[in-house]
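[1] pasting the structure only:
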């Protein structure tokens, strides 16, 4: 049996999937299987994946019933002791698997280990942003603030976590099901983090992760579900959860194709209604600056500003290194 099962839900993924697969085959740790779940693609995804001449790669094709069910199919069809989830448009550093395996092998109390994530644009160019979440150990209370697992490609999870906690909840859709899953795991297991940017998280305009309308409904379902069985002492955290969720939704609104400024303003105001202390947070400050720039320059001007900002940030990061 392989040590790791890598699960890749793929829907019309040919723009990025070959590069994603290349980053798997470039891993320094090679005791793995790859389960590619072709989720009803209408492009060449199925044909391309079926031609991979590596016995470690397994292709499963099914109707397009959503990324959540694709992940669950991958879990049921895999055999590894550890499961690594990989979105079809992201990339891994070559040591990603090796470093996470080392953590799980050394810490039997840990159910999930994640890494830092570096943002890249649609072409794979660095935006200069690296998300460096630090939380580990008993993270449930901290996780109720929001999903500290930055994207679906950073986590490695013990199989026994899914045997104990169940699989991804398909009733939540393909937007927040991972946050719900990690909250359930955090109720029973410790988390650890590898403090290096070992994942390149691709930002694609119009991707499902920026569908704020669906995410708003999903966030409500996850928060209510998480606190339905919570200790009464933790119930005050519920308002904080709604507050931070609304800040995330505000970002999603201005990152969407429509650059929905008015909706972002609404979400920002809702964040403060739930948790006024967010006014003093770094995230509220960053969001307010972005909204001010969009108000001054308009959506097109904001796009140009972002492009310039990313260029300057990339060069600054390069100089610091």
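    On my side now, so go ahead. The structure displayed is predicted, hence computed values, not measured ones.

[2] Let me see the ranges of the helices in the stretch 51-200 of the chain.
    Applying DSSP state H, counting those that start in this stretch to the stretch 51-200 of the chain gives helices spanning 67-76, 96-106, 140-143, 159-165, 177-186.

[3] most packed of those?
    Most buried of the helices of the stretch 51-200 of the chain by mean neighbour count (mean count of other C-beta atoms under 10 Å) is helix 177-186; its value is a mean of 23. Any C-beta I mention is one placed from the backbone N, CA and C, and that applies to glycine too.

[4] And the spatially most central residue of the chain, how far from residue 200?
    For the chain, residue 151 is the residue whose C-alpha lies nearest the centre (C-alpha atoms, centre = their mean; 1.5 Å). According to C-beta to C-beta, to the nearest Å, residue 151 stands 10 Å off from residue 200.

[5] Need the overlap of contacts for those two.
    Common neighbours of residue 151 and residue 200, using C-beta atoms under 8 Å, 6 or more residues apart in numbering, are 90, 117.

[6] how about residue 34, what does it touch?
    6, 8, 21, 24, 54, 56-58.

[7] again, only this time at 7 Å
    Residue 34 sits next to 6, 8, 24, 56-58 when contact means C-beta atoms under 7 Å, 6 or more residues apart in numbering.

[8] Residue 136 too?
    191-193.

[9] hey, where'd the strands end up in the stretch 1-150 of the chain?
    4-10, 32-39, 57-62, 82-85, 91-92, 110-120, 126-131 (DSSP state E, counting those that start in this stretch).

[10] for the helix or strand that contains residue 262, packing partners?
    Applying DSSP states H and E as the criterion places residue 262 in helix 261-274. If contacts are counted by 3 or more C-beta pairs under 7 Å, 6 or more residues apart in numbering; DSSP states H and E, helix 261-274 sits against helix 237-255, helix 282-320.

[11] pLDDT of the shortest one, averaged?
    Helix 237-255 shows an average pLDDT of 94 in the prediction.

[12] Which of the residues in that helix are classified as buried?
    Applying a neighbour-count criterion of 16 or more other C-beta atoms under 10 Å, one finds 237-238, 240-255 buried in helix 237-255.

[13] Likewise for the longest one?
    The neighbour-count criterion (16+ other C-beta under 10 Å) identifies 284, 287, 290-291, 293-294, 302, 306, 310 as the buried residues of helix 282-320.

[14] before we move on, back to that, my read is that the residue nearest to the centre of the chain contacts residue 117, right?
    Yes. Counting by C-beta atoms under 7 Å, residue 151 touches residue 117, with 5.7 Å between them.

[15] Pull up the overlap in contacts between the two.
    Counting by C-beta under 7 Å, 6+ apart, the residues touching both residue 151 and residue 117 are 199, 201.

[16] and residue 162, which of the strands of the stretch 1-150 of the chain is closest to it?
    strand 82-85 (7.4 Å; C-beta to C-beta).

[17] outside of the closest one, which residues touch it?
    By C-beta under 7 Å, 6+ apart, the list of residues contacting strand 82-85 from outside reads 3-7, 71, 75, 97, 101, 104, 152-153, 155-159.
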